[in-house]
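> test case, fold it:
(2 chains)
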Amino acid sequence: MTHINKENKKVVVTNLHKYFDDLEVLTGIDATIFEGEVVCVIGPSGSGKSTFLRCLNKLEDATSGTIIIDGFDITDKKININKVRENIGMVFQQFNLFHNMTVIKNIMMAPVSLKKMTKDEAYNKAMELLDRVGLADKADSFPGELSGGQQQRVAIARALAMNPDIMLFDEPTSALDPEMVGEVLDVMKELAAEGMTMIVVTHEMGFAREVADRVLFMADGVICEEGTPEEVFGNPQNERTQDFLRKVL
Amino acid sequence: MDFGRVLQEALPMLLEGLWLTVRVSIISIIIGMVIGLLMCLMKMSKNVVLKAIANVYIWIIRGTPMLVQALIVFFGFPQLIQMTINPNFRMDAYTAGIITLSLNAGAYLAEIYRGGIMAVPKGQSEAARSLGLSQSKTMMKVVLPQAIKFSIPSLVNQFIITIKDTSILSVIGLAEVVNKAKTYVGSTYVYFATYAVVAVMYLVVISVLMIISNYIEKKLKYEAKGKKKS
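Reported below is the predicted structural model:
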């Protein structure tokens, strides 16, 4: 695809290791992601995909290695991680909309309380985003009143309200009823087409094949194989990849 | 059974005592809620010193009877201060009562808040942090509002205990409703009717509290209340 800017490295991960107590979940990850690139991370459960993603905005602390986001080394203790996070949107498997706020407040909260926008600006931005994900009529509903698919679309809108330049998706459709997967993927496809830098941990092989510029296959805490969807799905080289794809496709 | 007599002779003084009971309870609950929140946040903070202070406070209050705490606050501390800092120091039963009750409620409320905070799913704070909110903003905007809601049943329970515990303060001479009743009984020996009236008074006060809390709990359900036109 043409929107990838190889001059601008958005994410550079070098030799990333992550332990949970004695368990080594990530065993040396190296990856570089460019501006405008859509990268899908696939692999079996327990391979460390989500942990890898969560390290990228420091929801998990890396045990060793470096992670450079937009030029900031977030493994550096002195870095103000909150500032870096303002530019990284994240969408969770369980949506995680704030239960105590209406949909519109969910979206307006961060930009207003971080003084990125005035209330009016945030309101207009939120309505524009809701319109974009097709939920303008739900502005005053509470999350509990929405379906899973609707909640996840609101969650995407909430992340976009901060005008991030990287979006992380942690299995965004895994908790959804099958008939709602499409509506969420459609929003993500649109976002990809607009040139957003996206890292998507997913089990939706169809989505990865269609939308990804690059696919990373992870197993046992390392990236075993990477390439274009055609390469990884059409002609996998690694034995683990072949085995995994045989089971899921 | 002398109810007529008690109502006629003692009702004004009992109501006076009840009013003091209610006032002391309300003030102590409010102060206790602030102390409790502070102690809860200290206990959950990463700072070892703050954590230790909160732990020791909760340990001492929960590990000793309120009767003993009241005696120490009213008789013990003033004596200590008279011997060391100021020989003319005095503390009245009203102040000592409020200090005791607030400190007591604070320790239990700290644990109630903590339970509420732990009941908020981790994803809620992760979502807030991922948007760039600091830990304290995440607490104020997302976690605490939900934690309070989870805590309401236990909070109300503690309020009820605090209201009833004011009766313990009769030992330090606080002229609350039980103290007044004792005084009346002391000269008339009308035990049953007097204490029955006192029991009913507590029942009424606590029923009112329960009605209010049910109302608040219903109000706090997260539902759209009539769609606004934008």
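> how far does the helix or strand encompassing A:Tyr123 sit from its chain's centre?
Secondary structure assignment for A:Tyr123, by DSSP states H and E: helix A:119-132. A distance of 22 Å separates the centroid of the chain from that of helix A:119-132, by Cα atoms, centre = their mean, to the nearest Å.
> repeat for stretch B:41-52
The answer for stretch B:41-52 is 23 Å, by Cα atoms, centre = their mean.
> per-residue pLDDT of the spatially closest residue to A:Pro236 that is not a sequence neighbour, please?
The shortest distance from A:Pro236 to any non-neighbouring residue, by Cβ to Cβ, 6 or more residues apart in numbering or on different chains, is to A:Gln242 (4.8 Å). C-beta coordinates here come from the backbone N, C-alpha and C atoms, glycine included. At A:Gln242, the model reports a pLDDT of 95.
> count of residues packed around A:Gln242?
Counted with other Cβ atoms under 10 Å in any protein chain shown, residues neighbouring A:Gln242 total 14.
> B:Gly63 now?
Neighbours around B:Gly63, by other Cβ under 10 Å: 8.
> hmm, back to that, could you list the buried residues of the helix or strand hosting the residue nearest to A:Pro236?
Using DSSP H and E, A:Gln242 sits in helix A:239-248. Neighbour-count burial for helix A:239-248, counted by 16 or more other Cβ atoms under 10 Å in any protein chain shown, picks out A:240-241, A:244-245.
> going by distance to chain B, which of those wins?
Taking Cβ to the nearest Cβ as the measure, A:Phe244 is the one of the buried residues of helix A:239-248 closest to chain B, at 27.5 Å.
> check contacts around that closest one.
Neighbour list for A:Phe244: A:42-44, A:217, A:219 [criterion: Cβ atoms under 8 Å, 6 or more residues apart in numbering or on different chains].
> tell me the helices and strands packed up against the longest helix seen in chain B.
In chain B, assigned by DSSP state H, the helix with the most residues is helix B:3-44. Counting contacts by 3 or more Cβ pairs under 8 Å, 6 or more residues apart in numbering or on different chains; DSSP states H and E, helix B:3-44 packs against helix B:48-63, helix B:93-119, helix B:144-165, helix B:177-188, helix B:191-219.
> shaky segments in chain B?
Residues of chain B meeting the criterion pLDDT under 70: B:222-230.
> ok, so of the contacts of A:Phe244, who is nearest A:Val154?
Nearest to A:Val154, judged by Cβ to Cβ, of the contacts of A:Phe244 is A:Ile42 at 25.9 Å.
> so what's that closest one up against?
Neighbours of A:Ile42 in contact, by Cβ under 8 Å, 6+ apart: A:49, A:201-203, A:205, A:208, A:215-218, A:232, A:244.
> the most centrally placed residue in chain A pairs with what?
By Cα atoms, centre = their mean, the mean C-alpha position of chain A lies nearest to A:Leu168, the distance being 1.7 Å. Judged by DSSP bridges, the bridge partners of A:Leu168 are A:Met90, A:Ile199.
> buried set for stretch A:127-139?
A:127, A:129-130, A:132-133, A:135-136, A:138-139.
> got the end-to-end distance for that stretch?
8 Å (Cα to Cα, to the nearest Å).
> give me the element the residue nearest to B:Glu126 when sequence neighbours are not counted is part of.
The shortest distance from B:Glu126 to any non-neighbouring residue, by Cβ to Cβ, 6+ apart, is to A:Leu59 (5.7 Å). Under the criterion DSSP H and E, no helix or strand holds A:Leu59.
> quick check, A:Leu59 in contact with B:Ala128.
No: when contacts are counted by Cβ atoms under 8 Å, A:Leu59 is not listed as touching B:Ala128 (11.2 Å).
> what's the neighbour count on residue 78?
The chain I'm using is chain A. By other Cβ under 10 Å, 5 other residues sit near A:Lys78.
> sorry, should have said chain B
16.
> can you pull the contacts of it?
Residues near B:Pro78 by Cβ under 8 Å, 6+ apart: B:89-91.
> the residue most central in space within chain B and chain A, how far apart?
Nearest to the mean C-alpha position of chain B, by Cα atoms, centre = their mean, lies B:Ile29 at 3.4 Å. Distance, B:Ile29 to chain A, using Cβ to the nearest Cβ, to the nearest Å: 23 Å.
> top strand in chain A by residue count?
For chain A, the strand with the greatest residue count under DSSP state E is strand A:5-20.
> what residues does chain A put near chain B?
Contact residues (Cβ under 8 Å from any Cβ of the partner chain) of chain A with chain B: A:57, A:59, A:82-83, A:85-86, A:88-90, A:92, A:94, A:96-100, A:102, A:109-110, A:113-114, A:127, A:139-145, A:155, A:158-159, A:162.
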